[in-house]
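S.K.: Turn this into a model:
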Amino acid sequence: MSNLSIKDVPEAWAEALRQRATRNHRSLQGELMSIIEQAANEVSPAANNAYPGGGIKPAAYDPRGTVVGHDRFGHPIVRRGWKTIEQIAAEHRALYPEPLQGGPLGVDIIREDRDSR
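M.R.: Numbering: from 1, shown residues only. Below you'll find the model as predicted:
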């Protein structure tokens with residue numbers, strides 16, 4: 001394994017990295033390894049022109065997912081896959097054309113929980 005060293009890191013950056021490591025429940029070394037691993041595994045746009053299903057890659061496809069934002073704790077929100085919500089809903093309706101029968105209604109569950117307090 002190689003050893004890497006970064007000199008003259010501004011204190012504000014070092015502190016930000018320490019806080020990020022704490023948020024992610026890692027040591028500073030573990031957080032830095034995670035950042036380096038993520039950067040090393042990035043696929044260049046030229047090399048990323050096909051996907052496992054074959055054919056032309058849909059614009060939103062990335063096998064590792066795409067970071068679309070961050071939650072209130074600073075953790076990335078990752079979108080995986082390339083289907084739209086409409087496609088997923090159509091597949092679900094095809095698998096389950098009839099609603100489930102005999103189960104409790106959501107409103108009844110909420111009322112029971114509320115009344116039990």
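
S.K.: Run through the helices of the chain in chain order.
M.R.: For the chain, applying DSSP state H gives helices covering 11-23, 28-40, 85-95, 106-115.

S.K.: Using JSON lines, lay out those helices together with mean neighbour count.
M.R.: From N, CA and C alone the C-beta is placed, and that goes for glycine too. Formatted as JSON lines, the helices of the chain follow (neighbours: other Cβ atoms under 10 Å):
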{"stretch": "helix 11-23", "mean neighbour count": "12"}
{"stretch": "helix 28-40", "mean neighbour count": "12"}
{"stretch": "helix 85-95", "mean neighbour count": "10"}
{"stretch": "helix 106-115", "mean neighbour count": "9"}
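
S.K.: Mind checking these for the one nearest to residue 66?
M.R.: helix 28-40 (12.8 Å; Cβ to Cβ).

S.K.: Show me what that closest one is packed against.
M.R.: helix 11-23 (3 or more Cβ pairs under 8 Å, 6 or more residues apart in numbering; DSSP states H and E).

S.K.: which intervals of this structure have sub-threshold pLDDT?
M.R.: 43-64 (pLDDT under 70).

S.K.: excluding its backbone neighbours, what's nearest the most centrally placed residue in it?
M.R.: For the chain, the residue nearest the mean C-alpha position is residue 78 (2.5 Å; Cα atoms, centre = their mean). The shortest distance from residue 78 to any non-neighbouring residue, by Cβ to Cβ, 6 or more residues apart in numbering, is to residue 65 (3.9 Å).

S.K.: Tell me how far residue 40 lies from residue 13.
M.R.: In this view, residue 40 and residue 13 are 20 Å apart by Cβ to Cβ, to the nearest Å.

S.K.: so who does the residue nearest to residue 78 touch?
M.R.: 78, 79, 80 (Cβ atoms under 8 Å, 6 or more residues apart in numbering).

S.K.: how far away is it from residue 24?
M.R.: Distance from residue 65 to residue 24, by Cβ to Cβ: 17 Å.

S.K.: Next, the contact list for the residue nearest to the centre of the chain, please.
M.R.: Residue 78 touches 65, 66, 67, 68, counting by Cβ under 8 Å, 6+ apart.

S.K.: The closest residue in space to the second one that isn't next to it in sequence: neighbour count?
M.R.: For residue 66, ignoring the flanking residues on the chain, the nearest one in space by Cβ to Cβ, 6+ apart is residue 79 at 5.0 Å. Look at residue 79: counted by other Cβ atoms under 10 Å, it has 12 neighbours.
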